[in-house]
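Enquirer: using only what follows, build the 3D model:
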Amino acid sequence: MLTNNQRTICDELTSGYELRDIKAVGKKLGLVPDDYYRDGKRASAPHAALIVASKCSPFGVKAALENMGFDTSEIILDDYEVGNETPSSESSPAPDATLITDDESGDEPEPEPESAAAESQKQEQADAEEVGDEETFDPDKFGQYFGLGQTEILRELHEHHEKHIPTGASSSAFELRLPEGGTREVTGIPPANWQEILDLAMARKPILMVGPTGCGKTTLAEMLAQALNLHFASASCTEGMSENQLTGWLLPVGDAGRFVYVSAEFVRCFEEGGVFLLDEVDASDPNVLVVLHTAIANKFMMIPQRHENPRANKHPDFVLVAAANTYGNGADMQYVGRNQLDEATLDRFRIGTVTMDYDANVESQLIDSRVLEWGRAMRDRINTATLKKSISTRFLIDCTEMQSVNDSTYGQSYWEEKLMKNWSRDEISRIS
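Expert: Below you'll find the predicted structure:
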C-alpha cells in the first residue's frame, strides 16, 4: 500500500500526465532511465507514475510539477506520512523547495543545501546503480516510505504487474532517433520490420504491408505518421468503392444549391503532405486503383471534378501506405473476399512490399502472459492440423481485456468458445 501522500501523487500523475512528463519529474528527483525498466520491458505511464510516487518524496514531486508549470493547487499533502516515525515535512523537501533545472544562460547555478532525506535518496540511487537491475524485489529500498506489512502488498502488486498486466499500446512509447539529430517519442511498440518500413517511408516509396488479419498493419501506419510528424488519413477499400473517395466530390453545397468541389482526404495528403492508408486494398475494385497510377509513379494527378484547378501536384512529404491480407493474387481459402489486383498497381508497390506477421515482441508487451501462452499453443495445434484458421494479435488483446474484467468468468474456456464459434465438428476434433 502507498501512504496517503504517495497515493495522492500517484493518482495525480495518472490523471492525465503523459509518460514523458512523469519521467521528467523523476529525472529532477534523481531517477534514471533504468528505474523504469524491468526484465527488458519499458514502463507504461501508470507504472511510471507508481514508480515515481513510491521512490520520490511526495513534496519533491509536487515542487517539481510546479517548477514545470503544472497547476498543483489540487494536490493536498498531509503533514504526517503513515509508516514514518517523524513528520514528512522533516523527511522530505519543503513544498516550496527550489529545484535545480538546466540553466539556459549557460552559467551553472549554485546547488542548494540538501536535506538528510535528499542525501539518503541519492545514496539509495547510488546503491541501486551499483547492484544493477535486480531480479528480486528489495523491500529495504522502500523502508522510509512504507510501514509494517505494506512492502509485502507492494511486492504482490509488483509481481502481478510484471506477470499479468501488459503494457497497453496507448501508453507504450519508444524513442525515434531523427536523421537531423535529436529524438521523437512515438506511441506504440515497433515490430521487427519497423526499420525497413520507416526507411521506405523516408525514401517516399509506396508501401504495401501484407499479413494476416489483426497483426497490427493499420496501427503501424498510424505509428509511421507519428514518427514522421505527418497528418494521417485512411480509406477502407471495398469492391463498391468509388473513385470519389480518392479524388473528391462535386456536391450541391454552395449558394442556392450550386455544385462545388469537396476535397477527399487523399487529395489533402497528396497536396499538403501526410501518410495515407489504403486499408484492405486487396478487397477493392482493381479498376478504381488505376486512378492512382499517375499519382504513385509521377509527381501529379488529375482531378477532373476540380474545374478551376484540375492538376494536383505531389507534396514532398506524401507517403502512400496500403494494407492487405494477400499479395494481390486474388481470393484464397482463408480470405475469400479478396480480388486480384492489376499488375500495374502491384508493380508500383514492388519495392515497398513488406511481409507482416504476428510479432512476438509486440504480443509479449500487449497480451497477458497466460492468454499468450494459450494462444501460441493453439496456433501450433492449428498449424499441425493444417487448418485455415487465425488467432490474431487483436483477438488475444481482446481476450486479455475481457479477462481483466472477470478472471473466473472470462478465462480459457471463454476464449476457446469464442475462437471456435464458427468451426465445424471436424475442425474442432482435429485440434483436440
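Enquirer: the residue lying closest to Ile296 once chain neighbours are set aside and Ala297, how far apart?
Expert: Among residues not flanking Ile296 along the chain, Arg348 sits closest, at 4.4 Å (C-beta to C-beta, 6 or more residues apart in numbering). C-beta: built from backbone N, CA, C; applies to glycine. Per C-beta to C-beta, to the nearest Å, Arg348 is found 6 Å from Ala297.
Enquirer: more neighbours, the two?
Expert: Neighbours of Arg348 and Ala297, each counted by other C-beta atoms under 10 Å, are more numerous for Arg348; the result is 21 against 11.
Enquirer: list the contacts of that one.
Expert: Neighbour list for Arg348: Pro206, His293, Ile296, Ala297 [criterion: C-beta atoms under 8 Å, 6 or more residues apart in numbering].
Enquirer: contacts for stretch 308-320?
Expert: So stretch 308-320 is in contact with 201, 204, 206-207, 224-225, 228, 230, 261, 267, 269-276, 278, 292, 295-296, 298-304, 306, going by C-beta under 8 Å, 6+ apart.
Enquirer: strands of this protein, start to end?
Expert: Counting by DSSP state E, the segments of the chain that form strands are 37-38, 41-42, 173-177, 183-187, 207-210, 232-236, 249-251, 260-262, 274-279, 300-302, 311-313, 318-324, 353-355.
Enquirer: tell me the buried residues in the fourth one?
Expert: Spelled out, that is strand 183-187. Using 16 or more other C-beta atoms under 10 Å as the burial criterion, the residues of strand 183-187 that qualify are Val186, Thr187.
Enquirer: rewinding a little: most tightly packed of the strands of the chain?
Expert: strand 318-324 (a mean of 26; mean count of other C-beta atoms under 10 Å).
Enquirer: could you check the angle that one makes with strand 274-279?
Expert: Following axes from the mean of the first three to the mean of the last three C-alpha atoms, to 10 degrees, one obtains 20 degrees for the angle between strand 318-324 and strand 274-279.
Enquirer: mind saving the C-alpha coords of strand 318-324 as CSV?
Expert: Taking Å, rounded to 0.1, in the frame of the first residue of the first chain, the C-alpha atoms of strand 318-324 are listed here in CSV:
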residue,chain,number,x,y,z
PHE,A,318,3.3,12.5,-49.2
VAL,A,319,3.6,8.8,-48.2
LEU,A,320,1.2,6.2,-49.5
VAL,A,321,0.7,3.0,-47.5
ALA,A,322,-1.5,0.1,-48.4
ALA,A,323,-2.5,-2.9,-46.2
ALA,A,324,-3.6,-6.3,-47.5
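Enquirer: tilt between it and strand 232-236?
Expert: Orientation of strand 318-324 against strand 232-236 (the same axes, to 10 degrees) gives an angle of 40 degrees.
Enquirer: now strand 318-324: mean pLDDT?
Expert: In this model, strand 318-324 has a mean pLDDT of 96.
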